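Peer 1: sequence? don't have it. structure:
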């Protein structure tokens, strides 16, 4: 890490990977990723190492993507394992990314007419059974409360895996007539799914999410809402997270348990596996029929409401890590970074310290006053070199160095996290606020665009247009995504999964023109589908 | 409701209380408040009535405080019962109060050096058993997950009732030396306590809260932190919620299970019962000794950390309702109101409608642009009179009426929610922005202060200084709070509780000067305590 552009610091990161492995025995091989199954509670502390210890670095991404991912999470202090198998503690630096996601989406949800509220997490087991495909989809993943207040409960309670059932139970009480529609709500909550194979952020026993739930008078309105929300997610992914997701419709096989249609945004991770990063469901009348959620229309006729639900979770944080990170660690898009600029003061002699710190503090105040999220790392327990690496690993978009010579020349040195080596370093930018502030803002915007452009280029160079099953298999075996015309059956789709490990990620909204033939059956096809291996 | 100041609308609310009772059979007598115990899941829908139906109103506060409280919650659309006994659905208008609390406290927590993060809610049962008084305090209230993914778990999991145990488990991994201290974090989360007697917002099976957790190198630092946070809560209560809480220290009997000292803010509700509205605990080394949370001090010696924890919950929303509400419904302090000003346009003839709505919209835009939270109720399905009552019940601080005559005179009519009758109504304030905006802001500030002043006067007129147990009994029997010198034993305190129903709410920080004698034992006493019945 950092060896190419900071040769003087190489020694910090030269301990070989194998030597490091013995230091961090709990985080290495992929078999350890699946937390111990033998016992639900890992009694021994799963201790992750202190960040950027002198003896350790990050596994190179190219060498072992999964180990790299876990290293970044650990060393950038994003999360730790919880004591119960498959659970995760989200540490402040990781939680700040989630807070930035919340801040943005909360505004968009309110702008589009949704109100936040809160439903209880304990759901009577009988509720889950009411919608047939829902119970089939979720029952293997449920956590059940069977004891409360020292007594066995008469009916066991489900710890919510999602809230459609309890939402409908309440909607029946709030919806009487068409005047009560549309009813559009959202909640930020924790949910529990008893996953067997877990991975921090991507798939954990408990995770945080928002779940929107709406009820409408017509199918058309529900469809419009489901599409509107996948559009909100798409814009969020592109504009805030710099992740060029592909929005589209899920196949029947991959549709949410209880939905008529599921829309999705699919992101390509750095290892070219797909990540389902957000979904929006047109639930039709499935839940309203199961729960009797009805309204009187303008003619006084009782009708079942048409519904949607949509969600984004802490999984998205994993998507950000795996989209932008490199061998130096995390790389955060400026718009979601809790620290956009870090200032590292540099002094050698004691008499330089005060003037350097004074200048650094004044630069900090100027940037902070302009709404830039800035941190001054003025600790004297670490060397500047250590700090450079530390904040690079934390993915801070811009670094400002200020040394004695900078103070006397009234300038600062700026480095971009996303450009490795000297070209990323700009010497002698004036620390005069009228020059510095617009410069920093411009650079943050440039980094935001540049991360997106890079991710688009990576995505597009790894999607192959295929017209036959052989071509599909070839693309998948190369680790790429395959895009091709598809009208295959559910069985055909499952065959692809079995034989290649790839699933239909979506039928993208963006479709090529012209006549098409199904890559599997040769029949005329209306749409192309995208196939990929996925998380 | 509203009969005194809006005589023309009286007819809406004249159905007698007994007639109404039969319409809302599920929400009346206090015995129904304790949700059915026979079954954990109330299968039949506990349907609360649509708001302000023509046939219903709010039980007068003086007649039945508890029924009044439930009516306000129902009719102002703050919350509803969940399907599982003792759970609550927080509806958008109630949740918005919680969001306002979060917004304020989040800033204060960050200003005082705390970071948000998230711990898993499932805690191994063995963790709870590690701290002796903690398990004693919490084990009767636990909800246990015993089945996950279709299998009986080897170790049952506790759904967090509070997080000190799992926090310490993680702190042992993050704290190595004095350089890692202080460690100061907070989380916003749901918690579960299997309460037998529940009441919306005040005591529910699951509730939302923030819980702060800190670790320090010295007892003094921990004590300072615990005091700092009770001070943050006190300021919040006074300045934002207009609730004149009394901050103080809990008696040994009332101290948190696992704490050395518990500080509290105690609020007097409209029925003069006390509400513990927030607590801050100095945990000493109780949890750090139980979990081995140690650090190496500057001399390399291993020491146990000193800790605090502190919390405010959705209970506070109940405190706001019961402090300020009146027979017309909820009354929100402007600083926590999601709607500070409601605009009700009034027209009779069709040709008046457009010009009235145009004027209303332009007033709305002006206020909104000045950062005032304003709502325009332009529905034409309800009469202005209905809207007046509706928004009064929702506790909106200011109402603006705009009719055709107002439009022609360029003025509006303003009514204060907190002043009943004509004196609260101001005719003919110019709708010119440079006049209107400062006027509205001034009125909102006046209402904020006025609510606090009124609550202080109510509180102070209901606290009696007592110097003997007889005087204490007399005060409590009158429904008041008793304040008197106390050095009684734990047994004396329990005797008071048994004989009067009152407990020591706190030893207030604000203590009278001069020598004192314990009201119970006659021994010299250093402090007065406050006794009251409580929620």
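Peer 2: Right, received. Where do you want to start? Every value quoted in this text rests on a predicted model; they were computed, and no experiment measured them. Residues are numbered from 1 along each chain as shown, chains lettered A, B, ... in the order given.
Peer 1: So which bits of the stretch 151-300 of chain A are right by chain B?
Peer 2: Contacts of the stretch 151-300 of chain A with chain B, taken as CB under 8 Å from any CB of the partner chain, map to A:153-157, A:159, A:166, A:169-170, A:172-173, A:176, A:179, A:185, A:189-190, A:192, A:194-196, A:205-206, A:208. Every C-beta, even on glycine, is put in place using the N, C-alpha and C of the backbone.
Peer 1: Among those, which are located in strands?
Peer 2: When DSSP state E is applied, those are split such that A:153, A:154, A:155, A:156, A:157, A:159, A:185, A:189, A:190, A:192, A:206, A:208 fall in strands.
Peer 1: got a winner among those residues for most neighbours?
Peer 2: The most crowded member of those is residue A:157, carrying 28 neighbours; neighbours defined as other CB atoms under 10 Å in any protein chain shown.
Peer 1: what's across from that residue in the sheet?
Peer 2: Taking DSSP bridges as the rule, residue A:157 bridges to residue A:124, residue A:145.
Peer 1: can I assume it is in contact with residue A:122?
Peer 2: Yes. Between residue A:157 and residue A:122 a contact is recorded at 4.3 Å, counting by CB atoms under 8 Å.
Peer 1: Can you name the helix or strand that the spatially most central residue of chain A falls in?
Peer 2: Nearest to the geometric centre of chain A sits residue A:316, at 1.1 Å (CA atoms, centre = their mean). In the assignment (DSSP states H and E), residue A:316 maps to helix A:315-324.
Peer 1: and that helix, what does it pack onto?
Peer 2: In terms of contacts (3 or more CB pairs under 8 Å, 6 or more residues apart in numbering or on different chains; DSSP states H and E), helix A:315-324 is packed against helix A:65-75, helix A:92-111, strand A:261-268, strand A:274-284, helix A:433-460.
Peer 1: again, 10 Å this time
Peer 2: helix A:65-75, helix A:92-111, strand A:206-216, helix A:219-239, strand A:261-268, strand A:274-284, helix A:433-460 (3 or more CB pairs under 10 Å, 6 or more residues apart in numbering or on different chains; DSSP states H and E).
Peer 1: residues touching the residue of the stretch 301-450 of chain A found nearest chain B, list them.
Peer 2: Residue nearest to chain B within the stretch 301-450 of chain A: residue A:381 (6.8 Å; CB to the nearest CB). If a contact means CB atoms under 10 Å, 6 or more residues apart in numbering or on different chains, then residue A:381 has residue B:179 as its contacts.
Peer 1: Please identify which helix or strand holds it.
Peer 2: Here residue A:381 is assigned to no helix or strand, by DSSP H and E.
Peer 1: Report pLDDT for it.
Peer 2: With respect to pLDDT, residue A:381 scores 86.
Peer 1: now residue A:425
Peer 2: Reading off the model, residue A:425 has pLDDT 87.
Peer 1: Report whether the expected contact of it with residue A:414 is present.
Peer 2: Yes. Using CB atoms under 10 Å, residue A:425 is in contact with residue A:414, at 7.2 Å.
Peer 1: So these two - more neighbours on which side?
Peer 2: Counted by other CB under 10 Å, residue A:425 and residue A:414 do not tie: residue A:414 has more neighbours, with 20 against 14.
Peer 1: Could you list the paired strands of the helix or strand where the more buried one lies along with their orientation?
Peer 2: Using DSSP H and E, residue A:414 sits in strand A:411-416. Partners of strand A:411-416 in the sheet, by DSSP bridges, are strand A:398-402 (antiparallel), strand A:425-430 (antiparallel).
Peer 1: what angle separates that strand from helix A:433-460?
Peer 2: 10 degrees (axes from the mean of the first three to the mean of the last three CA atoms, to 10 degrees).
Peer 1: Outside of stretch A:420-432 itself, list whatever touches it.
Peer 2: Residues from elsewhere that reach stretch A:420-432, judged by CB under 10 Å, 6+ apart: A:2, A:4-6, A:326-328, A:359-360, A:362-363, A:366, A:392, A:398-402, A:405-407, A:409-419, A:435-436, A:439-440, A:443.
Peer 1: Tell me, how many residues neighbour residue A:405?
Peer 2: Residue A:405, neighbours per other CB under 10 Å, totals 12.
Peer 1: cool, the one 5 residues further on as well?
Peer 2: Close neighbours of residue A:410, defined as other CB under 10 Å, add up to 12.
Peer 1: What pLDDT is listed against it?
Peer 2: Reading off the model, residue A:410 has pLDDT 94.
Peer 1: likewise residue A:2?
Peer 2: For residue A:2, pLDDT reads 32.
Peer 1: Over to residue A:389?
Peer 2: pLDDT at residue A:389 comes out at 95.
Peer 1: what's the answer for residue A:471, then?
Peer 2: pLDDT at residue A:471 comes out at 98.
Peer 1: for it, helix, strand, or coil?
Peer 2: helix (DSSP: H, G, I helix; E, B strand; the rest coil).
Peer 1: was I right about it contacting residue A:500?
Peer 2: No. Under the criterion of CB under 10 Å, residue A:471 makes no contact with residue A:500, lying 11.5 Å away.
Peer 1: Number of residues surrounding residue A:379?
Peer 2: Residue A:379 has 11 nearby residues by other CB under 10 Å.
Peer 1: residues in contact with it?
Peer 2: A:344, A:345, A:386, A:387, B:179.
Peer 1: Pull out the buried residues from those.
Peer 2: Neighbour counting with 16 or more other CB atoms under 10 Å in any protein chain shown marks A:344, A:345, A:386, A:387 as buried within the contacts of residue A:379.
Peer 1: Name the nearest of the residues you listed relative to residue A:447.
Peer 2: residue A:344 (17.9 Å; CB to CB).
Peer 1: Pull up the gap between that closest one and residue A:370, please.
Peer 2: Applying CB to CB, to the nearest Å, the value for residue A:344 to residue A:370 is 19 Å.
Peer 1: and residue A:454, what is it in contact with?
Peer 2: Each residue near residue A:454 by CB under 10 Å, 6+ apart is listed here: A:242, A:244, A:323, A:324, A:331, A:418.
Peer 1: From residue A:337, how far off is the closest residue to the second one other than its chain neighbours?
Peer 2: When you say that, I think you mean residue A:244. Excluding the flanking residues, the one nearest residue A:244 by CB to CB, 6 or more residues apart in numbering or on different chains is residue A:456, at 4.5 Å. Applying CB to CB, the value for residue A:456 to residue A:337 is 20 Å.
Peer 1: average model confidence for whichever strand or helix holds residue A:494?
Peer 2: Element membership for residue A:494, per DSSP H and E: helix A:490-500. Averaged across helix A:490-500, the pLDDT comes to 97.
Peer 1: Which secondary structure elements does it sit against?
Peer 2: Against helix A:490-500 (3+ CB pairs under 10 Å, 6+ apart) you get helix A:469-477, strand A:503-508, strand A:528-532.
Peer 1: Can you tell me which of those is nearest to residue B:269?
Peer 2: Short answer: strand A:503-508, nearest of the helices and strands packed on helix A:490-500 by CB to CB, at 54.2 Å.
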